[in-house]
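> No sequence on hand, only this structure:
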């Protein structure tokens with residue numbers, strides 16, 4: 001087992017522990033979950049030190065592949081260092097050093113690029129601050145407040161002298177809007193979020209090939225913003241604050257490519273709004289006990305796995321495959337993480353509100369969470385019949401899951417039971433596909449047209465027949481469905497309830513259709 005995979009395994013353990021603990025703390029305050037991920041990033045940075053200084057524990061791992069005599073007596077690999085691929089080079093035959101050199105170059109260039117972007121961003125922030133105007137009317141204790149025309153949303157940065165950079169347009173904001181923005185940014189200052197963010201960015205640079213590190217980074221950033229949102233809500237009305245964030249995000253032309261804590265961005269805004277409008281959420285700063293527990297758990301994990309060194313008798317071919325796969329997977333994961341972080345900055349200004357809020361609307365509809373849906377529709381301009389690409393309308397999603405309370409709530413508020421969603425059908429088709437009989441009955445009673453066709457999804461009876469849902473077929477027939485309906489599908493064939501039932505060898509459905517008068 002080469003050193004690359006050893007470090008990948010150790011860092012994976014740390015990250016998986018962080019995600020597991022955060023999941024257990026999902027009902028806790030956002031500040032607690034932020035402390036968990038902060039501890040995880042600290043642990044990642046301490047891991048190489050623990051590996052180098054702690055007594056080593058060797059865990060033998062046997063490989064069935066033949067061992068070369070020259071390799072069998074070679075010394076065990078050195079303790080793992082941050083440049084994880086370098087450690088594998090000593091084990092490679094001289095004839096294969098070209099591949100090792102490529103691996104080192106890829107890893108090193110990734111680390112250097114991320115760190116250079118970090119330094120460049122910090123330098124850019126310094127330049128913005130020097131060109132900005134001191135906003136004397138908004139003086140606050142603990143930070144200097146500046147006005148800049150380089151940004152559209154407030155942001156915070158600074159080591160010795162914390163700086164809150166406000167957009168020049170803030171001069172025209174109401175007093176309440178200014179106060180909410182300053183309270184949010186001052187909470188970042190009080191919590192030391194900017195310093196923690198830089199530390200996490202360094203960890204991301206060191207472990208950039210690991211896809212989980214980028215997922216952890218996004219959760220870390222989200223929980224930091226949620227914690228500051230909670231501080232604002234201690235003295236402000238949730239709906240007004242949510243609307244302010246939505247307005248700021250909507251007006252963003254570009255995302256500033258700087259390492260700073262920005263008050264609003266389109267990335268994960270929907271989840272923040274969802275949390276802001278949820279009165280049942282736990283709010284407030286993390287207590288000393290929570291922070292201490294997160295730190296202790298992280299330290300225990302590092303001390304527990306840091307000294308472990310896997311010693312394997314690996315064949316040359318197995319080692320080379322491991323290195324090759326590791327580099328390939330690392331480049332893929334790191335690139336994905338970089339894209340996930342970089343693309344929102346480049347194209348988020350072009351994203352519509354529907355795309356920003358899609359995930360939380362879909363989640364609320366699947367869960368049948370009526371209160372959450374109410375909050376989301378109230379906070380956005382999204383219409384009840386707006387289709388979310390790949391999922392359909394909210395009514396369709398709720399009907400497909402058989403969430404009757406949500407289906408009834410949506411219909412009561414004017415959702416169209418016949419609204420089509422290309423690729424997903426309509427609410428009745430989706431319910432028929434999943435054999436959600438009660439949802440089908442409710443939709444039909446509230447105006448769903450039984451024979452409506454959606455291109456690519458046929459109609460409800462054809463869908464139910466193809467799936468072999470006998471009761472759904474009987475229900476649709478009772479409501480007058482045309483058993484001889486024909487739909488031209490996939491530009492290659494006619495589909496009918498009968499021929500789709502026969503194709504699926506659903507004999508009972510075939511008999512039901514024939515008894516109802518189906519002839520083709």
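Cool, the structure landed. The structure presented is a predicted model; accordingly, all values stated were derived computationally and were not measured. Numbering: from 1, shown residues only.

> what packs against whatever helix or strand residue 406 lives in?
With secondary structure defined by DSSP states H and E, residue 406 is part of helix 404-412. For helix 404-412, the packing partners by 3 or more CB pairs under 8 Å, 6 or more residues apart in numbering; DSSP states H and E come out as helix 370-379, helix 394-400, helix 437-445. C-beta coordinates here come from the backbone N, C-alpha and C atoms, glycine included.

> For the stretch 151-300 of the chain, which segments count as helices?
Shown for the stretch 151-300 of the chain, the helices assigned by DSSP state H, counting those that start in this stretch span residues 175-191, 193-206, 211-233, 238-250, 269-276, 288-305.

> how about these in CSV, adding mean neighbour count, mean pLDDT and distance to residue 384?
Putting the helices of the stretch 151-300 of the chain into CSV (neighbours: other CB atoms under 10 Å; pLDDT from 0 to 100; distance: least, CB to CB, whole Å) gives the following:
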stretch, mean neighbour count, mean pLDDT, distance to residue 384
helix 175-191, 20, 94, 29
helix 193-206, 20, 94, 37
helix 211-233, 22, 94, 27
helix 238-250, 19, 87, 18
helix 269-276, 22, 87, 17
helix 288-305, 16, 76, 40
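
> In space, what's closest to residue 459 - neighbours in sequence excluded?
Nearest in space to residue 459, with sequence neighbours left out and distances taken as CB to CB, 6 or more residues apart in numbering, is residue 453 at 4.8 Å.

> For the one you found, give me phi and psi.
When quoted as degrees, to the nearest 10, the phi and psi of residue 453 stand at phi -110, psi 140.

> From residue 467, how far out is residue 422?
The gap separating residue 422 from residue 467 is 20 Å, by CB to CB, to the nearest Å.

> So the two - more neighbours on which side?
Under the criterion of other CB atoms under 10 Å, the comparison of residue 422 against residue 467 puts residue 467 first, with 19 against 12.

> what's the nearest residue to the more buried one once chain neighbours are set aside in contact with, if anything?
The shortest distance from residue 467 to any non-neighbouring residue, by CB to CB, 6+ apart, is to residue 433 (6.0 Å). Residues touching residue 433, when contacts are defined by CB atoms under 8 Å, 6 or more residues apart in numbering, comprise 400, 425, 463-464, 467.

> gap between residue 433 and residue 472?
Applying CB to CB, one obtains 9 Å for the distance of residue 433 from residue 472.

> From the chain's centroid, how far away is stretch 152-160?
Mean-position distance between stretch 152-160 and its chain equals 24 Å (CA atoms, centre = their mean, to the nearest Å).

> List the contacts of that stretch.
Counting by CB under 8 Å, 6+ apart, stretch 152-160 makes contact with 122, 125, 143, 162-167, 169-170, 181-182, 184-185, 188-189, 193-195, 248-249, 251-254, 256, 258-265, all of which sit outside it.

> again, but for stretch 485-501
Stretch 485-501 has contacts (CB under 8 Å, 6+ apart) with 451, 453, 456, 458-459, 461-462, 464-466, 468, 473, 481, 483-484, 509-510, 513-514, 518-520.

> on that earlier part again, can you say which of the helices of the stretch 151-300 of the chain is nearest to residue 406?
With CB to CB as the measure, helix 269-276 is the member of the helices of the stretch 151-300 of the chain nearest residue 406 (15.6 Å).

> which residues are contacting that closest one?
Helix 269-276 is contacted from outside by 30, 222, 225-226, 229, 233, 238, 241-242, 245-246, 249, 281, 356-361, 364, 372, 375-376, 379-380, using CB under 8 Å, 6+ apart.

> Mind doing that once more with 6 Å?
Defining contact as CB atoms under 6 Å, 6 or more residues apart in numbering, one finds that helix 269-276 is touched by 225-226, 229, 238, 242, 249, 281, 356-357, 360, 379.

> which residues in the stretch 1-150 of the chain form strands?
Along the stretch 1-150 of the chain, the stretches classed as strands by DSSP state E, counting those that start in this stretch are 57-61, 133-134, 144-148.

> Compare the mean pLDDT across the ones you listed and name the weakest.
Lowest mean pLDDT of the strands of the stretch 1-150 of the chain: strand 57-61, a mean of 50.

> so residue 217 makes contact with residue 204?
Yes. Residue 217 is in contact with residue 204 according to CB atoms under 6 Å; the separation is 5.4 Å.

> so whichever helix in the chain runs longest versus helix 193-206, what angle?
In terms of residue count, the longest helix belonging to the chain (DSSP state H) is helix 97-131. For helix 97-131 against helix 193-206, the angle by axes from the mean of the first three to the mean of the last three CA atoms, to 10 degrees is 160 degrees.

> Return the set of buried residues in helix 97-131.
Buried residues in helix 97-131, counting neighbours by 16 or more other CB atoms under 10 Å, are found at 100, 103-104, 106-107, 110-111, 114-115, 117-118, 121, 124-125, 128-129.
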